[in-house]
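> Here is my input, please return the structure:
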Amino acid sequence: MEGYCVKCKARREIINAKDVQMKAKGGKTRPALKGECKTCGTVIFRILPSAK
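Numbers count the residues shown, from 1 in each chain. Below you'll find the model as predicted:
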């Protein structure tokens, strides 16, 4: 899976990815992916489409 690295300013592969749930207003949650940039090690956070 790829995400945008703010430090590299480019799309990079996400390593050590973990599924997380973001909290939203109204008690709803939204799936996301949190990991590290393969090039520089900066944390990358990618919001995934919500499951319906």
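> Now the phi/psi pair for the residue with the largest distance to the centre of the chain, please.
When distances are taken from the C-alpha mean of the chain, G26 lies farthest, 21.9 Å away, according to CA atoms, centre = their mean. Main-chain dihedrals, G26, degrees, to the nearest 10: phi 80, psi 10.
> any idea how far it is from S50?
13 Å (CB to CB, to the nearest Å). C-beta: built from backbone N, CA, C; applies to glycine.
> how many neighbours does K25 have?
5 (other CB atoms under 10 Å).
> Helices of the protein, residue ranges please.
For the chain, helices defined by DSSP state H do not occur.
> Show me the beta-bridge partners of the closest residue to K18 other than its chain neighbours.
Leaving aside its chain neighbours, K18 sits nearest to K34 (5.5 Å; criterion: CB to CB, 6 or more residues apart in numbering). Listed beta-bridge partners, K34: K18, F45 (assigned using DSSP bridges).
> got the contact list for K34?
A17, K18, V20, V43, I44, F45, R46 (CB atoms under 8 Å, 6 or more residues apart in numbering).
> With distance to V6 and neighbour count added, can I get the residues you listed in a markdown table?
Listed next are the contacts of K34 as a markdown table, based on distance: CB to CB, whole Å; neighbours: other CB atoms under 10 Å:
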| residue | distance to V6 | neighbour count |
| --- | --- | --- |
| A17 | 17 | 15 |
| K18 | 19 | 9 |
| V20 | 18 | 14 |
| V43 | 9 | 14 |
| I44 | 8 | 27 |
| F45 | 10 | 14 |
| R46 | 12 | 15 |
